[in-house]
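Asker: Sequence first, then the predicted structure, then my questions.
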Amino acid sequence: MTEASRSIAGGTCHVFHAFEVGYSIDIDQAAQRVSGAGRIALASSDRNVAGADFESRPLRVSIELAPITHERFTVIPRAHVTIFNFGAMSVRLDLPLTGATPALPQLARTLVGQADLLHAARTVATEVIQLLGSAIVRPALSARCEDYMVFTLPPEGDDLRAGLPDELIARILRAEEGALAPEQVRDAVSACTSYGNDDITVIDWNGAIVVDRTPEDALSVLEFANVELIEMRWLDDQLEDALEEAFRTASQSMRGARILSVQTGRHTRRIAELQIDAAALYESVNNALKLFGDQWLARLHQSATHRLHIDDYERSVLRKLEALDSIYGKLRDRQVQIRAELLEVVVIVLIALEMLVLVRG
């Protein structure tokens, strides 16, 4: 084994697939419908003294898988599904690692968008949706999926970076078999978080590397970040469609008597409903994980949020919510104005008729 390599025996590659599956999920009802399911929580420990945890603890269930083998990997025939109350689901597939660290970039390249893994994850998600039944409000499995891979390795000795130089870490995270430019290497390894001398987590937009004896909490936070990403992207798509509908309604209805039509009223109610649903989902996702203070888990989540560009999607969602609110407000204001003007005309006509009747009488 060369100086720039180390054994990866005992390590695991966790491939997460996140889906939007419905408007919301009743976790208590879901727990009754799925046998073997249990709530998961972040462990209180020296790394989590403040007791940071999920606001509503998600549900986790294991589902048997058909065997999946490839020339470069074999999947453990059991998927771990995490169910969130805001209507999202994450399917985790585990791949045992063998060999040495220089083989990881090639494996990462193979796993990006891997069709067999995606098909297996979608099949599992469909099966769980059927099991949950009415526990899901407005069920609908999204066509979009967000995948994310996390390589967990046990520490060896005092040097956590032994066999994992920055250049190799960057190629693993960027799924590149060839050499990367120095600035790409620096960017890929820039989000590095540690709690003590025996752990390190490096996060990038495509994947992460966790060297830790107890990586469970790090995996939970990274899984949740990937779920946040699918929710923000799904919500961004929904708001984009809602804005197009709102612009179309506004352009057709702002002039003349059409502003008072039943169809326009139906459109304005639809815009209001979309606005309320989007705002409720946004708040549900952002309040799902409570991380207060400058503890390790908060820094880990902040790094993941930044590297996965979740904060960019959040800003986009907020802008579109504000735009919807503005369009809805203008439509309602215009309706009120037209109705007031019509009422004035009606009053004037009635007064004129009354005076005419008096004059003729």
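Answerer: Ah, there it is. Residues are numbered from 1 along each chain as shown.
Asker: For stretch 312-322, C-alpha coordinates in PDB please.
Answerer: What follows is stretch 312-322 as a C-alpha-only set of coordinates in PDB (Å, rounded to 0.1, in the frame of the first residue of the first chain):
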ATOM      1  CA  ASP A 312     -30.000  30.000  -2.400                       C
ATOM      2  CA  TYR A 313     -33.200  28.100  -3.000                       C
ATOM      3  CA  GLU A 314     -34.700  29.500   0.200                       C
ATOM      4  CA  ARG A 315     -34.000  33.000  -1.100                       C
ATOM      5  CA  SER A 316     -35.600  32.100  -4.400                       C
ATOM      6  CA  VAL A 317     -38.700  30.600  -2.600                       C
ATOM      7  CA  LEU A 318     -39.100  33.700  -0.500                       C
ATOM      8  CA  ARG A 319     -38.900  36.000  -3.500                       C
ATOM      9  CA  LYS A 320     -41.500  34.000  -5.300                       C
ATOM     10  CA  LEU A 321     -43.800  34.000  -2.300                       C
ATOM     11  CA  GLU A 322     -43.500  37.800  -2.100                       C
END
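Asker: any residues touching that stretch, and which ones?
Answerer: Here stretch 312-322 makes contact (C-beta atoms under 8 Å, 6 or more residues apart in numbering) with 229, 232-233, 235-236, 239-240, 242-243, 275, 278-279, 282, 286. Just so you know, the C-beta spots here come from the backbone N, C-alpha and C atoms, and that holds for glycine as well.
Asker: Buried residues, that stretch. List them.
Answerer: Buried residues in stretch 312-322, defined by neighbour count with 16 or more other C-beta atoms under 10 Å: 313, 314, 316, 317, 320, 321.
Asker: is it true that the second one lies in a helix?
Answerer: Yes. The assignment for residue 314 is a helix, going by DSSP: H, G, I helix; E, B strand; the rest coil.
Asker: Strands of the stretch 201-350 of the chain, start to end?
Answerer: Along the stretch 201-350 of the chain, counting by DSSP state E, counting those that start in this stretch, strands occupy 207-211, 289-290.
Asker: Just say which of these is most tucked in.
Answerer: Highest mean neighbour count among the strands of the stretch 201-350 of the chain (mean count of other C-beta atoms under 10 Å): strand 207-211, with a mean of 25.
Asker: Quickly run through the sheet partners of it, with directions.
Answerer: Applying DSSP bridges, strand 207-211 is found paired with strand 146-153 (parallel), strand 200-203 (antiparallel).
Asker: Determine the set of other helices and strands touching whatever helix or strand residue 186 lives in.
Answerer: Residue 186 belongs to helix 182-188 when elements are defined using DSSP states H and E. Here helix 182-188 touches helix 166-173, going by 3 or more C-beta pairs under 8 Å, 6 or more residues apart in numbering; DSSP states H and E.
Asker: Report the angle between the helix it packs on and strand 207-211.
Answerer: 130 degrees (axes from the mean of the first three to the mean of the last three C-alpha atoms, to 10 degrees).
Asker: So which of the buried residues of stretch 312-322 is the closest to residue 145?
Answerer: residue 313 (15.7 Å; C-beta to C-beta).
Asker: re the thing from before, quick check: the farthest pair among the contacts of stretch 312-322?
Answerer: Maximum pairwise distance among those (C-beta to C-beta): 22.2 Å, between 229 and 275.
Asker: ok, and the closest non-adjacent residue to the most centrally placed residue in the chain?
Answerer: The chain has residue 228 as the residue nearest its centroid, 2.5 Å off, counting by C-alpha atoms, centre = their mean. The shortest distance from residue 228 to any non-neighbouring residue, by C-beta to C-beta, 6 or more residues apart in numbering, is to residue 310 (5.2 Å).
Asker: same question, residue 134
Answerer: Closest residue to residue 134 apart from its sequence neighbours, by C-beta to C-beta, 6+ apart: residue 29 at 7.4 Å.
Asker: Using CSV, write out every CA atom in stretch 331-350.
Answerer: Output of stretch 331-350 as CSV, limited to C-alpha atoms (Å, rounded to 0.1, in the frame of the first residue of the first chain):
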residue,chain,number,x,y,z
LEU,A,331,-55.9,41.5,-8.0
ARG,A,332,-57.9,41.9,-4.8
ASP,A,333,-57.3,45.6,-4.7
ARG,A,334,-58.4,46.0,-8.3
GLN,A,335,-61.5,44.0,-7.6
VAL,A,336,-62.4,46.1,-4.6
GLN,A,337,-61.8,49.3,-6.6
ILE,A,338,-64.0,48.2,-9.5
ARG,A,339,-66.8,47.1,-7.1
ALA,A,340,-66.6,50.4,-5.3
GLU,A,341,-66.8,52.3,-8.6
LEU,A,342,-69.8,50.1,-9.8
LEU,A,343,-71.5,50.7,-6.4
GLU,A,344,-71.1,54.5,-6.9
VAL,A,345,-72.6,54.2,-10.4
VAL,A,346,-75.5,52.2,-9.1
VAL,A,347,-76.2,54.7,-6.3
ILE,A,348,-76.1,57.6,-8.8
VAL,A,349,-78.5,55.8,-11.1
LEU,A,350,-80.9,55.0,-8.3
